[in-house]
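1. Output the structure for:
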Amino acid sequence: MTHALLVIDVQNDFCPGGALAVPAGDEVVGRVNAMMEQFDTVILTQDWHPPGHSSFASSHPGKAPFDTIEMPYGAQVLWPDHCIQRSAGAEFHPALRTDADLILRKGFRPQIDSYSAFFENDRNTPTGLEGYLRTRGIEKLTLAGLATDFCVQYSALDGARLGFDVEVVMEACRAIDLDGSLAAAEAAMRGAGVRLS
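-> Numbering: from 1, shown residues only. Here you go, the predicted model:
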């Protein structure tokens, strides 16, 4: 009971045809569904942005998706509008099992993005996931989902930093891979003691 599966953002907008499609993002669904059988605790995260979120390029005149700007909390990649609350794009992929113990929504604060399942992008404002895991007695985390080089990576790094034993199942993840971001993410995770399998 001390080992949980953390499934990151397997939502329509991150799958082919979505507003911020991760190449072959839908290919993780079958693997993730099968993995759920192996864990007593399953947690799903859901990107959940209000309209006009500060991470959207459309909120910054003259900026385009994938531009980077400085926010009060540091560098922020600007994204196409995606995973807007109560939209079809924000829904989980229709084939994904959603019989999880917890569904954690993130990115709902208008002025700050949230890649990690543990903290907003200021690396300080907690989502509450750590407390949930601690009170459940969970010590080990296995991660899967989208995208390897952003939300999966940030969640894995924060989990390791908080003292959890963290593994990322690479075949159950897919990456955006902006300018070498996948290789950088893999190096960062290994450097933090995260196991990549």
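2. So which residue is dead centre in this structure?
-> residue 151 (3.1 Å; C-alpha atoms, centre = their mean).
3. Verify the stated contact: that residue with residue 115.
-> Yes: using C-beta atoms under 8 Å, residue 151 is in contact with residue 115, at 4.6 Å. From N, CA and C alone the C-beta is placed, and that goes for glycine too.
4. For the biggest helix by length in the chain, list every residue counted as buried.
-> As assigned by DSSP state H, the longest helix anywhere in the chain is helix 181-191. For helix 181-191, a neighbour-count test (16 or more other C-beta atoms under 10 Å) marks 181, 182, 185, 186, 189 as buried.
5. Find the residue closest to the last one in space, skipping its chain neighbours.
-> Excluding its sequence neighbours, the residue lying closest to residue 189 (C-beta to C-beta, 6 or more residues apart in numbering) is residue 156, at 5.3 Å.
6. Averaged pLDDT, the helix or strand where the one you found lies. What do you get?
-> Here residue 156 is covered by helix 153-161, with elements defined by DSSP states H and E. The pLDDT scores in helix 153-161 average 98.
7. The strand ranked longest in the chain pairs with which strands, and in what direction?
-> Using DSSP state E, we find that the single longest strand of the chain is strand 165-174. Sheet pairing of strand 165-174 (DSSP bridges) gives strand 140-146 (parallel), strand 195-196 (parallel).
8. Name the stretch among these that sits most buried.
-> Of those, the one with the most neighbours on average (mean count of other C-beta atoms under 10 Å) is strand 140-146, at a mean of 25.
9. how many degrees apart are it and helix 153-161 in direction?
-> Counting by axes from the mean of the first three to the mean of the last three C-alpha atoms, to 10 degrees, strand 140-146 points 170 degrees away from the direction of helix 153-161.
10. Give the other helices and strands that the helix or strand of the chain with the lowest mean pLDDT contacts.
-> When the helices and strands of the chain are scored by mean pLDDT, DSSP states H and E, strand 74-77 comes last with a mean of 94. Using 3 or more C-beta pairs under 8 Å, 6 or more residues apart in numbering; DSSP states H and E, the elements in contact with strand 74-77 are strand 68-71.
11. Name every strand pairing with the strand it packs on and say which way it goes.
-> Paired strands of strand 68-71, with direction, are strand 74-77 (antiparallel) (DSSP bridges).
12. what's downstream of the least confident helix or strand of the chain, the next helix or strand?
-> Downstream of strand 74-77, the next assigned helix or strand under DSSP H and E is strand 102-106.
13. Thank you kindly, that will do.
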